[in-house]
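Visitor: Sequence and predicted structure below; questions after.
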Amino acid sequence: MRRHLQKIYTRLFAKYGPQSWWPAQSRFEVIIGAILTQNTNWTNVMKAIANLRRENLLTPLALKNISLKDLSERIKPAGYFNVKAKRLKNFVDFLFKEYNGRLDRMAEEPLEELRKKLLSVNGIGPETADSILLYALDQPVFVVDAYTKRILSRHHLIDKDAPYHEVQKNFTESLKADASLFNEYHALIVRVGKEFCKSKPLCDRCPLKTINSPIFQTA
DNA sequence: GACCAGGCACATC
DNA sequence: GATGTGCATGGT
C-alpha cells in the first residue's frame, strides 16, 4: 500500500505539478467553499461564492446577520441551497458560540478536539471537517473524497465501500504527516479524477494506468 | 433528456 | 449496522 500511494503521488506530481490549493482568498472563504462544494461541481460553487463576494458576505459577521432566506437565494447556483444555507448558518453559529466568531481562536484549538467539534456541527461530515482542517487551518490531515475512493478501489487497493477513516488511515500511515504534501496530494487526486474518471475510454488513458498496482498485474 | 458533480443527515428495516 | 432517499443547480 505504502509504495503504491507514494508512486501515485510521484506520478501525479510529475504530470501536473503543484496545484496550489485551496482556490480561495481567505480562510473563511475556504470553509464556505468546503460546505458549498458538497456533492457539487466546483464551477457552480464559484458562482455562489461570487454572489456572496459581490455583497461583501464572505465574513463570519455578515453571514451571522443575513437571514436564512436571503442566504439561500444567493447560493442558489451551488445547488441544495436550502440545506447548504442552513449548514453555513450552523457553522457560523458554532464559530460565534465557541470562538467569538474568530477563526484565529478556532485555529488555536488542539487538532483532535477541533475535529470532533467540527463533526458535531450539523452539515459538517468527515470530508468537510478535514478540508477545513487542511485547507483553511493548514493542519496535516488527509482529505478523502469520492475520487480518492474511486481511484484506489479501481486499482484494487481498497474495497469500493471502505469507510472514510479506513481510507484515510492508508494515507496517514504511508506518508509523512506534512500539510503541504497532503494539500497537494488531495488536489492532484481531484485533478486526475475530474479528467479521467468520467468514462472507461478515458480511464484507459489515465496517467495512473501504468502504476504497478494489482489490477494491472492480474489483467 | 439522462447523468453527474470535491456529502451529509435522516428514515426505515 | 446496513441500506435507501432527499436535497438542486448547471455542464456534458
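Guide: Alright, I've got the coordinates.
Visitor: Just list the residues touching residue A:172, thanks.
Guide: residue A:142 (CB atoms under 8 Å, 6 or more residues apart in numbering). Yep, even glycine has a C-beta here, placed from its N, CA and C like the rest.
Visitor: which ones are touching the spatially most central residue of chain A?
Guide: The residue lying closest to the centre of chain A (CA atoms, centre = their mean) is residue A:131, at 4.1 Å. Contacts of residue A:131 were listed using CB under 8 Å, 6+ apart, and they are A:22, A:30, A:34, A:143.
Visitor: For the second one, give its distance to residue A:177.
Guide: The one in question is residue A:30. 20 Å (CB to CB, to the nearest Å).
Visitor: And the third one, by the same measure?
Guide: When distance is defined by CB to CB, residue A:34 is 21 Å away from residue A:177.
Visitor: Name the residue in those two with the higher neighbour count.
Guide: residue A:34 (25 against 12; other CB atoms under 10 Å).
Visitor: Mind checking the pLDDT average for stretch A:35-43?
Guide: The predicted model assigns stretch A:35-43 a mean pLDDT of 97.
Visitor: touching DNA strand B at all, it?
Guide: Yes. Stretch A:35-43 lies within reach of DNA strand B by CB under 7 Å from any atom of the strand, at A:37, A:38, A:39, A:40, A:41, A:42.
Visitor: In space, what's closest to the closest residue to DNA strand C within chain A - neighbours in sequence excluded?
Guide: Residue nearest to DNA strand C within chain A (CB to the nearest atom of the strand): residue A:79, separated by 2.5 Å. When the adjacent residues along the chain are set aside, residue A:79 lies closest to residue A:40, with 5.1 Å between them (CB to CB, 6 or more residues apart in numbering).
Visitor: Can you give me the separation between that neighbour and residue A:156?
Guide: 29 Å.
Visitor: ditto for residue A:198
Guide: For residue A:198 relative to residue A:156 (CB to CB), the value is 20 Å.
Visitor: Those two: which has the busier surroundings?
Guide: Using other CB under 10 Å, the more surrounded residue of residue A:198 and residue A:156 is residue A:156, with 15 against 10.
Visitor: Spell out which residues of chain A are next to DNA strand B.
Guide: Counting by CB under 7 Å from any atom of the strand, chain A sits next to DNA strand B at A:21-23, A:33-34, A:37-42, A:44, A:79-80, A:83, A:121-129, A:131, A:135, A:145-147, A:164, A:190, A:193-194, A:197-198.
Visitor: Assess the claim that residue A:147 and residue A:190 are in contact.
Guide: Yes. Residue A:147 is within contact range of residue A:190, at 5.6 Å (criterion: CB atoms under 8 Å).
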